[in-house]
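Novice: only the shape, not the letters, is given here:
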């Protein structure tokens, strides 16, 4: 509700907010809409008879979206509705653009700081076309070999033209979404099907992580395992997270986000015949990179073991020789290195005031180019 | 052993002083002392007794002298405080400023690598309280965290020749928002006028003497203190320039004020330099261009132009070409440029220099990791 209240503060009339209530009690949100929100730009999609898997919830929301462009965020995130200005600018600069990405800020809610945490604000603001071939390399072949492919394209904290989503539905068996890891599945489909993809470095949204969210799992392996169990249970009837052709277990104690992403990419490429030349070696490099981020020897042993068992079983151990993780090296610091690094400002969250992603966005906007300067392409600034 | 004395002369009661002191005392360093000089006639002494959280042996009061002597300026107050300071290093700030006691960690890291360092300074950060802002104020702070050992000659060129100057010399050394070894302070006193701070403009006075006498300078790019803006003093009739052949008035702006203090230092000690004039005129240009309104810009421009014309004639005036660019339709830059972060001072609603430091501390390289970084 805090997210909705913050969105309702925006002035524009050129956006709608669809709220997919997927809880088992429709009353609180319905009451909030009726008595507090009272804003015609907001539409509530009430829960069905049973809680839907995330795939189903996203599917029904996209079906009802009326906008020319669509973006999806979580209920603990924030998006600036003035992103419509960015969309218009991209439409002018790049005719036929059908996917726009941006670099989001990140923020931990105060209830999700079991250890020191850092928020982040991308500081640059250029807008540029992203070559599709390069994105496909980074994603399907994991060419960078880092723990996450730096792609960031798709509905989730990005914008996709509604017509592209319709094309995706027609191409992929009459559904927008199939795989339980909907955000990365959508990234795969958008990279595969989009004509033009544009990236804006300036953030227009905040990835929030509260204690109850899936993203809280990034701070704790234990939380990650619990969330995956719930996720699998709620995704009953969907495509299984465990795929025989990619026999890495997501229910292993050493599971990581890197592995979730790999599982999704591998599923998509196999199911839809996408060339993955180089993926085996590059994923092994990514797995090694993921192991570098372990904080304790126990976590390292579990993560290495999880990857090692998967590589041993995958294609008769064909890529196992490439997975040679470096010995465990305890990190000098964990989440303490605030400051500017690679054009991103990292901020120790214990030292600042904002308590919600919307407040953090407003906070961060003081240090990045104003929306108006971005959408007008301002190049001259007063001293 | 006390490594650092942070000296804060208080010349007028300040409602935010207690919070600022509490923030300093929250740092768990045992090798720092915070010396607060009461030049208000007793208001500070009362504050320290009545405010909670200030009962800390690291906080000491330099009480008002008998009969409540009214001291005229920062330099006079600082001179009263220096004999009371126990630290091996001394840092001087004002009541509306802030300094981080973790300066001690930087002194340790610096002297481990440059044992004979006797003057340490750091990146500048300035804060304007909301009530004193004229529209949007953009803070500019460095984002680097390199520990540098500048050559004395380079620092002297910055201070006396205005090399790389903004609207003031780009020379951060001295006790004011810097730290100097006690030994250097005593050498300064002995070498010059038998006092530690001589001119009313204690900042420039200290910078001139420090860069002249220091054995080794060390500079950390990361800010460790904040200069808080104070309300402008009540208008006084400035009779004219103190020097007939350098007809600038301090009221014209920071460039003129700094130049007058440097001139005073040079003339007092018979230092004659040439070749700094063009750089100084460009600092005057920048001073004009910081004006928030067209009215202020034109007032500054006229004042500087008159002075430059009277000082060096029409030829010098030809290079004085300030432009008023802070027009409402032109956006102010926010983001990172040339390694410096530009951000709206409204960020996180900070009211005081202490609150502003809390914000930038969270956004910059952690002080306590410096030694690890250099290891």
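Specialist: Nice, thanks for sending it over. Everything numeric in this text was worked out from a predicted model, so none of it was measured. Residues are numbered from 1 along each chain as shown, chains lettered A, B, ... in the order given.

Novice: CA atoms for contacts and neighbours, from now on please.
Specialist: Noted.

Novice: report how many residues lie close to residue 194.
Specialist: I went with chain A, as the question did not name one. 20 (other Cα atoms under 10 Å in any protein chain shown).

Novice: not quite, I wanted chain B
Specialist: 12.

Novice: quick one: secondary structure of it?
Specialist: Following DSSP: H, G, I helix; E, B strand; the rest coil, the label given to residue B:194 is coil.

Novice: per-residue pLDDT, it?
Specialist: Among the per-residue scores, residue B:194 shows a pLDDT of 94.

Novice: before we move on, what about the one 5 residues further on?
Specialist: According to the prediction, residue B:199 has pLDDT 92.

Novice: I'd guessed it sits against residue B:205; true?
Specialist: Yes. Contact criterion Cα atoms under 8 Å: residue B:199 and residue B:205 qualify, at 6.0 Å.

Novice: what do these two both touch?
Specialist: Residues touching both residue B:199 and residue B:205 (Cα atoms under 8 Å, 6 or more residues apart in numbering or on different chains): residue B:261.

Novice: who has more neighbours, those two?
Specialist: Between residue B:199 and residue B:205, counting by other Cα under 10 Å, residue B:205 is the more crowded of the two (23 against 19).

Novice: going by neighbour count, list what's buried in the host helix or strand of the more buried one.
Specialist: Assessed by DSSP states H and E, residue B:205 sits inside helix B:202-213. Within helix B:202-213, the residues that count as buried by 16 or more other Cα atoms under 10 Å in any protein chain shown are B:202, B:203, B:204, B:205, B:206, B:207, B:208, B:209, B:210, B:211, B:213.

Novice: measure how far it is from the centre of its chain, please.
Specialist: 11 Å (Cα atoms, centre = their mean, to the nearest Å).

Novice: try stretch B:208-226
Specialist: Using Cα atoms, centre = their mean, the offset of stretch B:208-226 from its chain centre is 11 Å.

Novice: could you work out the end-to-end span of it for me?
Specialist: 21 Å (Cα to Cα, to the nearest Å).

Novice: give the rounded mean pLDDT of it.
Specialist: Stretch B:208-226 comes out at a mean pLDDT of 98.

Novice: could you check whether that stretch is close to chain A?
Specialist: No. Shown here: stretch B:208-226 not in contact with chain A (Cα under 8 Å from any Cα of the partner chain), separated by at least 9.9 Å.

Novice: got the end-to-end distance for stretch B:330-338?
Specialist: 20 Å.

Novice: now that stretch: mean pLDDT?
Specialist: Averaging pLDDT along stretch B:330-338 gives 92.

Novice: over to stretch A:304-323?
Specialist: pLDDT averaged over stretch A:304-323 gives 97.

Novice: which other residues reach that stretch?
Specialist: By Cα under 8 Å, 6+ apart, stretch A:304-323 touches A:245-249, A:252-255, A:280-281, A:284-285, A:287-288, A:291, A:325.

Novice: which parts of that stretch are buried?
Specialist: Applying 16+ other Cα under 10 Å to stretch A:304-323 flags A:304-314, A:319-320, A:322-323 as buried.

Novice: how about the residues of the stretch 51-200 of chain B by chain A?
Specialist: B:143, B:144.

Novice: so where is the stretch 51-200 of chain B shaky, pLDDT-wise?
Specialist: Under the criterion pLDDT under 70, the flagged ranges of the stretch 51-200 of chain B are B:66-70.

Novice: for the residue in the stretch 1-150 of chain A positioned nearest to chain B, give me the pLDDT.
Specialist: Residue of the stretch 1-150 of chain A nearest chain B, by Cα to the nearest Cα: residue A:123 (5.6 Å). On the pLDDT scale, residue A:123 is placed at 97.

Novice: could you pull up phi and psi at it?
Specialist: phi -100, psi -10 (degrees, to the nearest 10).

Novice: distance between stretch B:324-339 and the chain's centre?
Specialist: 24 Å.

Novice: and it, what's buried?
Specialist: B:324, B:325, B:326, B:331, B:332, B:333, B:334, B:335, B:336.

Novice: and the residues you listed near chain A, which?
Specialist: Among those, chain A is touched by B:325, B:326, B:331, B:332, B:333, B:334, B:335, B:336 when using Cα under 8 Å from any Cα.

Novice: the first one and residue A:383 touch, don't they?
Specialist: Yes. Counting by Cα under 8 Å, residue A:383 is a contact partner of residue B:325 at 6.8 Å.

Novice: list residues touching both of these two?
Specialist: With Cα under 8 Å, 6+ apart as the test, residue B:325 and residue A:383 both reach residue B:289.

Novice: can the lengthiest helix in chain B be found next to chain A?
Specialist: If you go by DSSP state H, chain B has its longest helix at helix B:294-317. No. Helix B:294-317 lies out of reach of chain A by Cα under 8 Å from any Cα, never closer than 12.9 Å.

Novice: what's around residue 86, how many residues?
Specialist: Since no chain was named, I'll use chain A. Neighbours of residue A:86 using other Cα under 10 Å come to 22.

Novice: not quite, go with chain B.
Specialist: 17.
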